[in-house]
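>>> Here is my input; please provide its structure:
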Amino acid sequence: MTKKISVIAWNENVHEQEMQVVRDIYPQGIHGCLAGLLNEEKDILAETATLQEPEHGLSQSRLDNCDVLLWWGHAAHAQVSDEVVARVYERVLQGMGLIVLHSGHFSKIFRRMMGTSCALQWREADEKEVIWTVNPGHPIAKGIPAHFILENEEMYGEPFVVPEANETVFMGWFAGGNVFRSGLVYNRGAGRIFYFQPGHETHPTYHQPVIRKVLVNAVRYVAPRHSSAAWKNVEDAPNGAPIIPIPGYVHKTEQGLR
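Sure thing, here's the model as predicted:
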């Protein structure tokens, strides 16, 4: 039997506690909605984790067994432990996939992976957004139409202060005239990262079939492609023995930073 893709849907779970409108849209929380839609797929096994759990639900052992981590955050970025962020960072470099959603652009982990402020323009005006599939041959765009419409979304607009993406899959246009790079793919170490803009907490975005399809495609795309054995911490870097003997050289087995 083929091993299922192991996914953790992480959510800070703050708006669900404070806003009735969010509870009405996502009775099981945004994390519960994300895990639920992914678990409809036979090749994916999704669980949830939240800010309020010990170690934010992201212990080392749990991350070691995670293939893809989804991250939704907004109001509590500063409350996320730096230790947990460092743990997630290393796992991405080792090959774990990371999908950062909506306001997760300002999360500690995304900003660390990008090395920039990740700032952008924003506006809450319940605007129509047209999302264009600008890279239709990309695996994340499989089965996605040339464009699709979200009747209400929070506006995110350029400039988006992130590095140039390895691949741009989607572009968004808002009724107020702004445009935004809505779906970006990055490679970091052995890991893949997908940033996806739609998902404001007061709109039922994650209930939309086309959005759900994008997320399923993204999970499959960013899942690890190979062994992470070559992407260990730098402290574990071995002193490499020569392949061809070097006259007079006696090799010493060492590990450590050079």
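
>>> For the stretch 1-150 of the chain, give me the ranges with low pLDDT.
For the stretch 1-150 of the chain, residues meeting the criterion pLDDT under 70 lie at 1.

>>> can you rerun that using 50?
When residues are selected by pLDDT under 50, none of them lie in the stretch 1-150 of the chain.

>>> now the strands for it?
5-11, 44-50, 68-72, 97-101, 121-133, 147-157 (DSSP state E, counting those that start in this stretch).

>>> Select, out of those strands, the one closest to Asn166.
Closest to Asn166 of the strands of the stretch 1-150 of the chain, according to C-beta to C-beta: strand 97-101, at 13.6 Å. C-beta coordinates here come from the backbone N, C-alpha and C atoms, glycine included.

>>> what does that closest one rub up against?
Identification of contacts with strand 97-101 by C-beta atoms under 8 Å, 6 or more residues apart in numbering yields 67-72, 88, 92, 107, 109-110, 113, 191-196, 199, 215, 218-219, 221-224.

>>> I'd like to know how far the nearest residue to Gly32 once chain neighbours are set aside sits from Arg112.
In space, and not counting its chain neighbours, Gly32 is closest to Thr48: 6.1 Å by C-beta to C-beta, 6 or more residues apart in numbering. Thr48 is 23 Å from Arg112, where distance means C-beta to C-beta, to the nearest Å.

>>> Filter the contacts of strand 97-101 down to the buried ones, ChimeraX style.
With 16 or more other C-beta atoms under 10 Å as the criterion, this ChimeraX line picks the buried residues out of the contacts of strand 97-101:
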select :67,68,69,70,71,72,88,92,107,109,110,113,191,192,193,194,195,196,199,215,218,219,221,222,223,224
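
>>> Export the strands of the stretch 1-150 of the chain to CSV and append columns for distance to Arg62.
Below are the strands of the stretch 1-150 of the chain laid out as CSV (distance: least, C-beta to C-beta, whole Å):
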stretch, distance to Arg62
strand 5-11, 7
strand 44-50, 8
strand 68-72, 10
strand 97-101, 15
strand 121-133, 32
strand 147-157, 30
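
>>> nearest to Ile246, of those strands?
Proximity to Ile246 (C-beta to C-beta) singles out strand 97-101 among the strands of the stretch 1-150 of the chain, at 40.3 Å.
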